[in-house]
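K.L.:
test case, fold it:
(2 chains)
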Number of protein chains: 2
Amino acid sequence: MNAPANLPPLPTLADVEDAAKQLRGVALPTPLCESPLLNEILGCRLLVKAEPLQLTGSFKFRGAYNRLSRLDAEQRQRGVVAFSSGNHAQGVAYAAKLCGTPAVIVMPSDAPQIKVANTRAYGAEVVLYDRWTESREAIAVKYQQERGMILVPPFDDPHIICGQGSVGLEVDAQLAERGLKPDIITAGSSGGGLISGIALVMATRHPNCQVFAGEPADFDDITRSLASGSKQKVAADAPPSFCDALMAPTPGDITFAVMRRLLKGGITATDAEVEVAMATAFHYLKLVIEPGGAAALAALLHRRELIRGKTVVAVASGGNVDAALFSAVLARTPPLAA
Amino acid sequence: MNAPANLPPLPTLADVEDAAKQLRGVALPTPLCESPLLNEILGCRLLVKAEPLQLTGSFKFRGAYNRLSRLDAEQRQRGVVAFSSGNHAQGVAYAAKLCGTPAVIVMPSDAPQIKVANTRAYGAEVVLYDRWTESREAIAVKYQQERGMILVPPFDDPHIICGQGSVGLEVDAQLAERGLKPDIITAGSSGGGLISGIALVMATRHPNCQVFAGEPADFDDITRSLASGSKQKVAADAPPSFCDALMAPTPGDITFAVMRRLLKGGITATDAEVEVAMATAFHYLKLVIEPGGAAALAALLHRRELIRGKTVVAVASGGNVDAALFSAVLARTPPLAA
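P.N.:
Below is the predicted model of the structure:
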């Protein structure tokens, strides 16, 4: 399938490889974790790509740095503006610091405290807005117009998609070291940047691997979009998801074009299933995963028939969760057990 | 300095490299984590080697597998016995499973529940004993005599030391990728196997790097042994440490011979400092670290004058902590802040 006429050419594996080169020595290579006990319980080989350990606590730094590091001197002087519930915010803020460019980040006032505080700590100017009465796009446009700042979209941009796709290249290399080939891979999906980038890698390196977008059951716009063949939206009045990182209301144009071509579909997880995934990751993998970061893992853990006997990869996309919420989850939710 | 006459020749860097070869494709390469925010707060480059992500949740698997994989067929049939408060137990239990040999593990009845449960889950036979009234050595000897089992010591064995030393080789390679040279490295130390193995690497690769044993303030036998030049003991009636993984009462003969030659000394942390390290690792690094695993990091975090302007490495040695304790620490202890 070709891209719709109004889209730039879709990114390719070569673009992802170029992004990985840009990120070398800057982003951290994150481990592909596993637990023999968990593998035994599930009857499969489960590998968890640990992006909570990435700089800024999520994969978002990869795409942000890949985008910002390509600004020219004049653009760097003007600076960048982004809107984000938190992980893209931190990724852009730290990438901007490394690239020596000012950053304004528009964040919802109900974003997790850790995400707002960290974004400020990386040196960005944070502008809070009310999710229910204000338009983050309108605020961002104001900074574009008044200060000439460059908008850094959270997912619908080739450099962003390819930066996130570097996760897929690392997974591929790490599987090869263990002599494994993936049957299934999934990653938490909001606008679809991460899973699109990964799909670009898998389509060439492992064409038989099934690639799924992992979503919260209450924000399943990608799952429905892929099933119906056209972009679907989350209801405008949907309450905020427990998975605060996965609340984009609809896929991007570029990401949807990639996903429609390369994904098997979407899989979802309820909040309760996400909590089990967080507790399971704590207990068996010693990883701190935030709700949105655990959605893809949760969707796999609860599809025993899908994963049995397979080599399955879940990308844990972020770990920026407040201590109080994390502790509450551990207190009320036991990990998976034999 | 040569080894005392009654000791086998001290292990060398070549032995550590051989252990790393034995572990290739079996142990997980663990990441060298860092946080730009934490670096800024501390005014240094802090790198945390994340051994909680190792198979079985601690570095102990490395040494155990390096030892057990060298048993001959007849020895494998007889099986192995080990005593451990928990992390060596799990490491030996899983290594025994991979090597197809039976394992009996003698564990204190007050060991963290997660450690006892996991050791059983790896298929080992667990024998509980009372720390205050029974001798774990005597129980282990019984299995050696009655079943002809081979004792796998927790630290004072060249194969164990060199398996743990593979951590040092990984750190060296990971630093080189980032163009860094270590000024200081420390690791949680109980009997000294891990830090001895690391010291064997650093002595050759980075002779100017200062190597410290990291200990709980209430179990500082290595620190005092190194300061005095002879093996010192923790008081026989010392209460159990918050750092349950670091309760060996005195260094080993081989480890002390290595440490006396290659270490700068020992550094200690109080329980309160260990809690700050655990909360800081949660907040900035997204790692679950158990108390003993955080002691070395804690000792560094509270020595600002020692680390300022330096490249410092703390090995987080394990992550096997019960959820209730971890949550309690997060609830009562804030992370380091600017």
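K.L.:
ok, residue A:232 - contacts?
P.N.:
The contact partners of residue A:232, taken as Cβ atoms under 8 Å, 6 or more residues apart in numbering or on different chains, are A:221, A:224-225, A:250. For every residue, glycine as well, the C-beta is placed using N, CA and C.
K.L.:
and residue A:216, bridged to which residues?
P.N.:
residue A:269 (DSSP bridges).
K.L.:
how many other residues sit next to it?
P.N.:
28 (other Cβ atoms under 10 Å in any protein chain shown).
K.L.:
if I look at it, how far off is residue A:241?
P.N.:
5 Å (Cβ to Cβ, to the nearest Å).
K.L.:
before we move on, back to that, which of the contacts of residue A:232 has the most neighbours?
P.N.:
residue A:221 (27 neighbours).
K.L.:
ok, that one touching residue A:247?
P.N.:
No. Between residue A:221 and residue A:247 there is no contact, the gap being 9.9 Å when judged by Cβ atoms under 8 Å.
K.L.:
any residues in contact with both of those two?
P.N.:
With Cβ under 8 Å, 6+ apart as the test, residue A:221 and residue A:247 both reach residue A:234.
K.L.:
picking up where we left off before, touching both of residue A:216 and residue A:241, which residues are there?
P.N.:
A:271, A:291-292.
K.L.:
give me the buried subset of those.
P.N.:
A:291-292 (16 or more other Cβ atoms under 10 Å in any protein chain shown).
K.L.:
how about a markdown table for the shared contacts of residue A:216 and residue A:241, with distance to chain B, secondary structure and pLDDT added?
P.N.:
A markdown table is the format used below for the shared contacts of residue A:216 and residue A:241 (distance: Cβ to the nearest Cβ, whole Å; DSSP: H, G, I helix; E, B strand; the rest coil; pLDDT from 0 to 100):
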| residue | distance to chain B | secondary structure | pLDDT |
| --- | --- | --- | --- |
| A:271 | 19 | helix | 97 |
| A:291 | 14 | helix | 97 |
| A:292 | 14 | helix | 97 |
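K.L.:
so which of the shared contacts of residue A:216 and residue A:241 comes closest to residue A:105?
P.N.:
Checking the shared contacts of residue A:216 and residue A:241 against residue A:105 with Cβ to Cβ, the nearest one is residue A:292 at 17.6 Å.
K.L.:
so who does the closest one touch?
P.N.:
Here residue A:292 is in contact with A:87, A:188, A:190, A:216, A:241, A:243-246, A:317-318 (criterion: Cβ under 8 Å, 6+ apart).
K.L.:
same check, this time on residue A:233
P.N.:
By Cβ under 8 Å, 6+ apart, the contact set of residue A:233 is A:221, A:249-250.
K.L.:
SS state for the residue of the stretch 51-200 of chain A found nearest chain B?
P.N.:
Going by Cβ to the nearest Cβ, chain B is nearest to residue A:52 of the stretch 51-200 of chain A, at 3.8 Å. What DSSP: H, G, I helix; E, B strand; the rest coil gives for residue A:52 is helix.
K.L.:
what are the buried residues along the strand or helix carrying residue A:119?
P.N.:
Per DSSP states H and E, residue A:119 falls inside helix A:113-121. Across helix A:113-121, burial judged by 16+ other Cβ under 10 Å covers A:114-116, A:118-121.
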